[in-house]
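Novice: Here is my input; please provide its structure:
(chains A, B, C and D, ligands or ions: 4)
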Amino acid sequence: MATMAQAIRMALAYGEQHLGVTDIFGEDVGPPLGGVFTCTQGLQTAWNSPLDERGIVGAAIGLAIAGQRPVAEIQFCDYIFNTIDLLKLATNSTWSSGGEFNFPMVIKTTTGSGVHGSIYHSHSFDAIATHIPGWKIVYPSNAVDAYGLMIAALKDSNPVLYLEPKAMLRNKCAERIPGEPEDERALRDMIDAPLGDRKNWKPKWPEGLTDFTVPIGKAKLCRTGADATVVSYGRTLPLCLDAADALVKEGIHYDVLDLRTLMPYDWDAIAQSIKKTGRVLFVNEDTEITNFGEHLLRRTVDEFFYELRVRPRVLAGKHVPGVGMAPTLEDASVPQLPDVLREMRELATEPE
Amino acid sequence: MATMAQAIRMALAYGEQHLGVTDIFGEDVGPPLGGVFTCTQGLQTAWNSPLDERGIVGAAIGLAIAGQRPVAEIQFCDYIFNTIDLLKLATNSTWSSGGEFNFPMVIKTTTGSGVHGSIYHSHSFDAIATHIPGWKIVYPSNAVDAYGLMIAALKDSNPVLYLEPKAMLRNKCAERIPGEPEDERALRDMIDAPLGDRKNWKPKWPEGLTDFTVPIGKAKLCRTGADATVVSYGRTLPLCLDAADALVKEGIHYDVLDLRTLMPYDWDAIAQSIKKTGRVLFVNEDTEITNFGEHLLRRTVDEFFYELRVRPRVLAGKHVPGVGMAPTLEDASVPQLPDVLREMRELATEPE
Amino acid sequence: MDERKNRTTQNGMPDWTPQLQLRIHDLMVTTRTVEEQAIRMVRSGDGWFWIGAPGEEALSAPLGLQVRKGQGLDNDYLHLHYRSSPIVLAMGAQPIDILRQMGAKATDPFSRGRNFVNHFAIRKWNVAPMAPTIETQFSIAIGTGIAQRRHGGTGITIVNGGDGGTHEGDFATCLVWSTRPGNELPILMVTANNKYAISTGSCTQHGTPIVERAKAFGIPSRSIDGNDVYSSWKAIAEGMEYVRSERKPFFIEASVSRLNGHSSSSGANRVEEEDCILRFEEKLLHQELATRKELDRVWEKRREEMAQAYEIVKSEPFPPGEDIYRYIFAEPKDQYYDPGSKSQPGDSNNKGGR
Amino acid sequence: MDERKNRTTQNGMPDWTPQLQLRIHDLMVTTRTVEEQAIRMVRSGDGWFWIGAPGEEALSAPLGLQVRKGQGLDNDYLHLHYRSSPIVLAMGAQPIDILRQMGAKATDPFSRGRNFVNHFAIRKWNVAPMAPTIETQFSIAIGTGIAQRRHGGTGITIVNGGDGGTHEGDFATCLVWSTRPGNELPILMVTANNKYAISTGSCTQHGTPIVERAKAFGIPSRSIDGNDVYSSWKAIAEGMEYVRSERKPFFIEASVSRLNGHSSSSGANRVEEEDCILRFEEKLLHQELATRKELDRVWEKRREEMAQAYEIVKSEPFPPGEDIYRYIFAEPKDQYYDPGSKSQPGDSNNKGGR
Ligand SMILES: Cc1ncc(C[n+]2csc(CCOP(=O)(O)OP(=O)(O)O)c2C)c(N)n1
Ligand SMILES: Cc1ncc(C[n+]2csc(CCOP(=O)(O)OP(=O)(O)O)c2C)c(N)n1
Ligand SMILES: [Mg+2]
Ligand SMILES: [Mg+2]
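Specialist: Ligands and ions are numbered 1, 2, ... in the order given. Next comes the predicted model:
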C-alpha cells in the first residue's frame, strides 16, 4: 500500500542499485528535502541543482551523451516551458545525427491540478509533450504503475518524460508493488525521511524489490464493459473509474482504459475497445485546444468513422489561461467527477 | 504586386506613423540588415537586440506594460521554444491580474518549410501557439492579407502572434494593397534598401497607404464549390488553391478557406461550408500529433458528426523530429502539392 | 523633538527624521502581522498556500517608501517577487487586500482570487503583474527600462528577486540588456540573498558574491546587510539617485533572513535567524525615539487590525466559476478597487501611526 | 632541421616543432579549401546553405590538435558550433564528409543529409551532436562535465561558441554550473569573438569584455588574439593543462575574423579582415620553415583534393524519403562510416603533409 511518491522513490533506489542510474537531480531533489513531494528522499545519487531549469535539462542531455543514466526533475511542469528547445534537442539529436548518439535519460516532473496549486502549480504538459516527436511519455495513475513505468523508463535507451500527477503522489495504492513490505507503517519507517534533522538518516530499501516493469506503450484495461469506452490517464483516470463504478448502478458498463503511456500510445488497446463499444470518450485535464485527446479522437475518426455508434468525444480542461486559486475556479477549469460522470452517461445513453 | 515582405514592411511603417508603434526589434531587425527577410528595412523604430530570445519576449512584455506598442521578432520560430514560459505570461498576466494590465504587443516570427532550411529553419509553431490560451494568432498567405492582418495586430489591445510563412515572403501578390504604387519597380526603388552601403539610405513610403485592415478572426473563402471543403493557412494554402483549380478539370469543386486567423478562428465560416459540403479536410504543415487541425476536426465532429457525408480529415506534417536538409526528406515530411491533391481528390470522391 | 532629531543625524542621514523611523517601524510591523495572519489562515484552512516577506522588511519597507509612486513613465515601475509585501504596503496598499488574495476571494484586487498570496498587480502604481515563475521579472523589467530610457525624466524601473533566482538565465538577460553601450537602462536591481532557495543552500550552488556578476558588466553595486534598516535605506537611496540621474543600472545584493522558512509547504514555522524588526527596535529604543511600551502598542494595534480584517475576509465569497472566462482578453476592469482611496498604514497621508 | 628547431624554440614553446607548425598550416589550408569548395557548391546549386569556419582556423586547428581524441570519459568531449571544422579536421575527419553534408547526401556521416553543413556528430571521438540553436551547447556541456568530474582522470569537456551567443542565458548557465563550490567542472570554454552576430555589431550589444563574466565566477581566463596561431596554441595548452589537472573551468575569449561574412545568406563573399592563414604563412616564411612555393603547393594540393571530393559527392544520391522515420529512436547505426579508418590530412597518422 505504498504511496505513489514511495513507489517512485523505491523504483529510483532499485534503479541506482541495478539499472545504472547515476544522477537524480533537480531543484531540492537531494538532501535535506529529497524533493518537494518526497519522491527522491534517501537516494544515493540524488543532488540539488542550481535553480535553473535550462541547466537541468541541458545537464541531463550531456550526462546521457557521457554514457550516464540521469533522472532529472523539473519541480513542477509549470516551470518546464523555458526548456522546450532543449527537450526538442534531446530527441531530435538522435535523429539529426543519423543514430550516432542516443539519449538514455528520464525527465520527471509533476503535473496537473488537484492540490489548490493556483495558476503555477496546476499546469498540464501532455499536449505540448506529445507534440514533440521522439519523446516517450508515461503518466501513471497509481503506485504500482508508477513503479513499473519508472523501471521501464530507466531501462529505455531514449528520453522518457515521466509525468507525475501531483494530486495523486500521496495516494496509497490498493495493490502492492512486488517486494513491498506487507505493513505500510514498516515501509514508512524504512524509507520515509524523519521530520527534523536528517543528517544521519539512511533509508532501508525493501530487499525484495524487483525489476517489475510496466512496459512502455501498454495501456491497462481497468474496467470492462460493452456499452462504451473511456480512455484517460493521470488525475482524471480515477474519476473515470469512479464514474464507471457509479454508472454500473444505472446499468451502464464501461471499458475504462488507463493509457499509462502517452507516446507511443497503445492504439491496439483503444481500437479493440472502440470496435467493441462503438462509443468513446477521451478525458484529460490539459486545456482543450490542440489537446492530445483531440489527436486520439482524430485517429479514432480516421479508422472508425463508419463504425462508431455515436459521436466520439473529448473532455478536457477549459481553454483558459490558468487554473485559479479559488476552489470555485479550479472546479470550473478542469474536469471533476460530476463532469466526467455527465459526459460518460451522455455518451453511453445517446441513442444511435 | 508587393511581396509579402514588402507588405509587412509597409504595414509596419504605417503603424509607426499612425498607430503608435514604438519599437520594432529583434535580432538583425534594425539597420543595416532590416531583418533576414528584409521585412523591417528602413523602419524608423527598428533596432537590433542582443542575441537573446528570452530578452526579446521579456522586453516586449515590459514595453507593453509601459504603454508602448512593441513589435518584437523572433528571427525563426525554430528559436522561440525557450520562451514559451514568457509567451504564456504575456497572455496569462491579463487574466491573473483580473484585467488590471493588458499587453498590446506583436510577436512576429517566420515559420514553416519551403526554403531548404533543414531542421532549424523549417519548424512550424501553430500547434503549440494555439495551445496557449489568450494569444491571437494570425498567419497570412499573401501580401494583401499580410498587410491587413499586421494593421489589425497593431490595433489590438492583446498579444498577437504574427506568423510569417517564410517560403512566401518573397512571393508577389496578384492583388494590390490599397495605396500601393502601380509599378512594382517603383515600389522597389522606394522601399527596398540598396545593396551595399545603406548608411544614407532612407525609404520613401507610398503616400497612399491606408489602415486597410483584415479583421482578426475572419477567414477568407478563396474558391467556392459545393463538393467539399478544404481549410488551410500559410504555405499550404496556395497548394490547396492549386489543387482545387486542378480538380475543377475533374469536375470537382471545392470551397477553399484561408483561415488567416488561427485564434480566435472563424468557426462560422468553417461551419457554413461544412454544412454545405459535408466533406472537410484541414491542411497544415506542423507535425500531426496534437496538431491544431486535429482541434478543428474535433470541433467538426462535435458539431457535425451526424451531418458529415464522409470521414473528415487532417493532412499535416509527419510526426518526425525535423524537416531534413535533403529535398527528398523535406518532400516526405511536409505536405506538398501531390499530397494535397491526392487527399482532396479522395475526400471529394469517396462514396457516401 | 529637537533632541531626537540630533540623535538621528548622528546616523549620517540628514533626512532621517524620528517620524520616518517610526513610520518604517510601523510598516515593518504591519507587514509582519499581516503575514502572520496569512499564515494562520493556511493553518485554519482559510487558505491553501502562503509565501511571503518575514525577514525582508528592513530591505523592502525603505525601498517602498522611496519609490516614486504613480502611473506612467514619469513614475517608477516595479517588477517584484513574492516577498515584496513591505514594498506595496509602504506604497499604501491595504493589508486586508493581502488577506483577500490569501483567501482567494472575489474581492482580491490583485488577481480576483486567481493567484497566490503576495502576487500583486496594481496598474495605478506601475506595479507589474507578478508571476510565480522565478526571475522572469528580470527579463520583463528591461521593457519598462527601455521605455523609460527613451522617455527621459527621472522615473526608473525597479526589479527584485531572490538569490536562487540569479541562477536563471533571466538574471543574465537583465545584466546584458541594461548595459548595451549607448543604450543603458535606468534599472535598479535588487537581490535579496536569504542564503536559500527552498531547501538548497546558496553556498552549495555559487561560490562568488552575486554582486560580482553585475560588476562584470560595469554596473555599480552595493553589497549590504539587508537586515539593517539604515544600510538598506542608504543603499537604496544611493542606487535610486544614481539610476534616476545617470539613467544606467545599479545593483544591490542584500543579505536578509528568511524568518518563516520558504513557505507554508515547509511549514511556515519561525526559524532561528536574525529578526530585522527586533534589531530596528533596539536602535529606536537606544535613540530613545520610542519606549518599549509604545513599540508594543504598534504590534498590538496592527495585530488587532489584521484580526478584524480577517473577520471581514472570512465572510467574503469566492469568485463564481464563470469568472474563469473573464479577462482572457483586455476589457474594462470593474472599479471595485482603488488602492489609494483610504488612509492606510503605509499610505503617504499616514505619518507612521503616532 | 636542427636550425629550424632552434628558431621555433624562440617562440617560447619547446614542443613547437617545425613539423607541428607545418602540420597546422596544412590543416588550416585544408579547412579553408573545403569551406571554399562548400561555398562553390551553394553557388552552383549543389547545396542550399553554407556556414563555416574561414577566419577561425588559427584558433581551432590548434585546439583540434590538442584534443584528447577518443570515446568515453577518459577522452575529451566536444560541444562545438558551426565554425568548428578546423577542430574536427585536425582530429582526423575527412574533408569529403563535410562536402557530403553540404550536399545533403545519403553518405553524409554526420547527419545522413539531415542537418546543415558543419554540424558534426562523431560518437567515437566524443563530438556531441551539434545543433543550430545558438549557445545550447553551453547548457549541454555541463552534463559531460559532471560525468568527467565524477570519473576523475584527465579527460575534459570543451565547448565553444560565438560572441553573440554569450547573450543567451545558456552562457550564464555554464558559468553557474561549472563553478558550484566543491563541484567545479572540468570545462574549457572558448568564445570566438568575431565582433558580429549576423549583421549586429557586438559593440552595440555589450560594453565590457566577455572574459569579465567568467572572472565574476572566479574562472581563470585568457583574452587572446585568435588570429595568431601561437597565442591560440599557448592559451589552449594552458587552459587544457589547468582544466585537466585542476578539474575546474577555464575560459578563453579569442578575437577572430569572419572572412566570408556570416553565411551564404549574406552572400558568403570574402570581406576585408585579417586572414590568419596569410599571417601564419608570413611567420613560417620568416622562420624559413617553408618557401612560398612549398606553401603554394599545399594550397594547390588541397584545392585539387577538394575538387576531386566534390566530383565524388556530386554523383552520390540523396537519402530516400522513407529515411525520415529512421533513428527517431535509438537503433544500431549502419556502419558506413568510420572517420578514423583512412589516413587523412589531420589524422594523427599523418604528420602534416610533408
Ligand atoms: C522558474 C521557476 N522554477 C522553480 C520554481 C519553484 N520555486 C519557487 S520558490 C523557489 C526558490 C526561490 O529561491 P530564491 O530565488 O532564493 O528566492 P527565496 O524564495 O529564497 O526568496 C523555487 C525553486 C519557480 N517558482 N519558478
Ligand atoms: C537560439 C538561436 N537564435 C537565433 C539563431 C539565428 N542565428 C544563427 S547564427 C546567429 C548569430 C550568431 O552570432 P555569434 O554567436 O556571434 O556567432 P558567429 O556566427 O558570429 O560565429 C543567429 C542570430 C540561432 N541559430 N539560434
Ligand atoms: Mg533565497
Ligand atoms: Mg560572432
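Novice: Got the confidence number for the nearest residue to A:Ile119 once chain neighbours are set aside?
Specialist: Nearest residue to A:Ile119, sequence neighbours excluded (C-beta to C-beta, 6 or more residues apart in numbering or on different chains): A:Gly322, at 3.5 Å. C-beta: built from backbone N, CA, C; applies to glycine. The confidence metric pLDDT takes the value 98 at A:Gly322.
Novice: Could you do the one 4 residues further on as well?
Specialist: pLDDT recorded at A:Ala326 is 98.
Novice: Same check on C:Asn350?
Specialist: On pLDDT, C:Asn350 comes in at 29.
Novice: Centre-most residue in chain A?
Specialist: A:Tyr139 (1.8 Å; C-alpha atoms, centre = their mean).
Novice: chain center to the host helix or strand of C:Glu304: distance?
Specialist: Taking DSSP states H and E as the definition, C:Glu304 sits inside helix C:292-314. Mean C-alpha position of helix C:292-314 versus that of the full chain (C-alpha atoms, centre = their mean, to the nearest Å) differs by 20 Å.
Novice: quick one: is it near chain A?
Specialist: No. Remark: helix C:292-314 sits outside contact range of chain A, by C-beta under 8 Å from any C-beta of the partner chain, the gap being at least 12.7 Å.
Novice: What mean pLDDT does that helix get?
Specialist: Averaged over helix C:292-314, pLDDT sits at 98.
Novice: Check what contacts that helix and list those residues.
Specialist: C:25-26, C:29-30, C:33-34, C:36-37, C:40-41, C:46, C:95-96, C:99-100, C:102-103, C:105, C:107, C:281, C:284-285, C:345, C:353-354 (C-beta atoms under 8 Å, 6 or more residues apart in numbering or on different chains).
Novice: What of stretch A:170-182?
Specialist: A:1-5, A:7, A:10, A:37, A:142-144, A:147, A:184, A:187, A:190, A:206-210, A:212.
Novice: Select only the buried ones of those residues in PyMOL?
Specialist: Command for PyMOL, covering only those of the contacts of stretch A:170-182 found buried under the criterion 16 or more other C-beta atoms under 10 Å in any protein chain shown:
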select buried, chain A and resi 1+2+3+4+5+7+10+37+142+143+144+147+187+190+206+209+212
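Novice: can you give me the end-to-end distance of stretch A:28-36?
Specialist: Stretch A:28-36 has an end-to-end distance of 7 Å (C-alpha to C-alpha, to the nearest Å).
Novice: Ok, stretch C:67-86 next?
Specialist: End residues of stretch C:67-86 are separated by 12 Å (C-alpha to C-alpha).
Novice: The residue nearest to A:Ile119 against B:Ser93, yeah?
Specialist: No. The pair A:Gly322 / B:Ser93 is not scored as a contact, 10.1 Å apart, by C-beta atoms under 8 Å.
Novice: Now do the longest helix seen in chain C: which elements does it pack against?
Specialist: Taking DSSP state H as the criterion, chain C has its longest helix at helix C:18-43. Other helices and strands packing on helix C:18-43, by 3 or more C-beta pairs under 8 Å, 6 or more residues apart in numbering or on different chains; DSSP states H and E, are helix C:2-9, helix C:57-66, helix C:85-91, helix C:95-102, helix C:229-246, helix C:276-286, helix C:292-314.
Novice: got the buried residues for the top helix by length along chain A?
Specialist: Counting residues, the longest helix in chain A under DSSP H turns out to be helix A:4-18. Buried residues in helix A:4-18, counted by 16+ other C-beta under 10 Å: A:4-16.
Novice: Spell out which parts of chain C neighbour ligand 3.
Specialist: Contact residues, chain C versus ligand 3 (C-beta under 5 Å from the ion): C:Gly162, C:Asp163, C:Gly164, C:Asn194, C:Tyr196, C:Ala197.
Novice: could those residues be laid out in TSV, adding neighbour count and distance to B:Ala46?
Specialist: Formatted as TSV, the residues of chain C next to ligand 3 follow (neighbours: other C-beta atoms under 10 Å in any protein chain shown; distance: C-beta to C-beta, whole Å):
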residue	neighbour count	distance to B:Ala46
C:Gly162	24	36
C:Asp163	22	37
C:Gly164	25	37
C:Asn194	22	42
C:Tyr196	19	44
C:Ala197	23	39
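Novice: re the thing from before, so which of the contacts of stretch A:170-182 reach chain C?
Specialist: Okay, of those, nothing touches chain C (C-beta under 8 Å from any C-beta).
Novice: So which of the contacts of stretch A:170-182 are in helices?
Specialist: Using DSSP H, A:Met4, A:Ala5, A:Ala7, A:Met10, A:Ala143, A:Val144, A:Tyr147, A:Glu184, A:Leu187, A:Met190 are the members of these that sit in helices.
Novice: Mind telling me what element the nearest residue to C:Arg326 once chain neighbours are set aside is part of?
Specialist: Spatial nearest neighbour of C:Arg326, chain neighbours left out: B:Gly99 (7.0 Å); criterion: C-beta to C-beta, 6+ apart. Counting by DSSP H and E, B:Gly99 is held by no secondary-structure element, helix or strand.
Novice: ditto for C:Leu78
Specialist: strand C:77-79.
Novice: do that strand and chain B meet?
Specialist: Yes. With C-beta under 8 Å from any C-beta as the criterion, chain B is reached by strand C:77-79 at C:Tyr77, C:His79.
Novice: ditto for stretch A:339-352
Specialist: No. Applying C-beta under 8 Å from any C-beta, one finds stretch A:339-352 separated from chain B by no less than 10.5 Å.
Novice: got it, and stretch C:186-198?
Specialist: No. Using C-beta under 8 Å from any C-beta, stretch C:186-198 stays clear of chain B, coming no nearer than 10.1 Å.
Novice: export that stretch as PDB, just CAs?
Specialist: What follows is stretch C:186-198, C-alpha atoms only, in PDB (Å, rounded to 0.1, in the frame of the first residue of the first chain):
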ATOM      1  CA  PRO C 186      17.600  53.000 -15.800                       C
ATOM      2  CA  ILE C 187      17.000  49.900 -13.700                       C
ATOM      3  CA  LEU C 188      17.600  49.300 -10.100                       C
ATOM      4  CA  MET C 189      18.200  45.600  -9.500                       C
ATOM      5  CA  VAL C 190      17.900  44.200  -6.000                       C
ATOM      6  CA  THR C 191      18.700  40.600  -5.000                       C
ATOM      7  CA  ALA C 192      17.500  39.600  -1.600                       C
ATOM      8  CA  ASN C 193      20.000  36.900  -0.600                       C
ATOM      9  CA  ASN C 194      18.500  34.800   2.200                       C
ATOM     10  CA  LYS C 195      21.000  32.100   1.500                       C
ATOM     11  CA  TYR C 196      18.400  29.500   0.400                       C
ATOM     12  CA  ALA C 197      16.300  28.500  -2.500                       C
ATOM     13  CA  ILE C 198      13.600  26.400  -0.800                       C
END
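Novice: now it, how far from the centre of its chain.
Specialist: Worked out by C-alpha atoms, centre = their mean, stretch C:186-198 lies 11 Å from the chain centre.
Novice: Could you give the number of residues near residue 273?
Specialist: Let's take chain A. The tally of other residues near A:Ser273 (other C-beta atoms under 10 Å in any protein chain shown) stands at 25.
Novice: could you do chain C instead?
Specialist: C:Glu273, neighbours per other C-beta under 10 Å, totals 17.
Novice: close enough to count as contact, it and C:Ser255?
Specialist: No. C:Glu273 is beyond contact range of C:Ser255, at 10.6 Å (criterion: C-beta under 8 Å).
Novice: And the helices in the stretch 101-250 of chain C?
Specialist: C:136-151, C:169-177, C:211-215, C:229-246 (DSSP state H, counting those that start in this stretch).
Novice: And for the stretch 151-300 of chain A?
Specialist: With DSSP H, counting those that start in this stretch as the criterion, the stretch 151-300 of chain A has helices spanning A:184-191, A:236-248, A:267-277, A:292-304.
Novice: Most tightly packed of the ones you listed?
Specialist: The highest mean neighbour count among the helices of the stretch 151-300 of chain A, using mean count of other C-beta atoms under 10 Å in any protein chain shown, belongs to helix A:292-304: a mean of 23.
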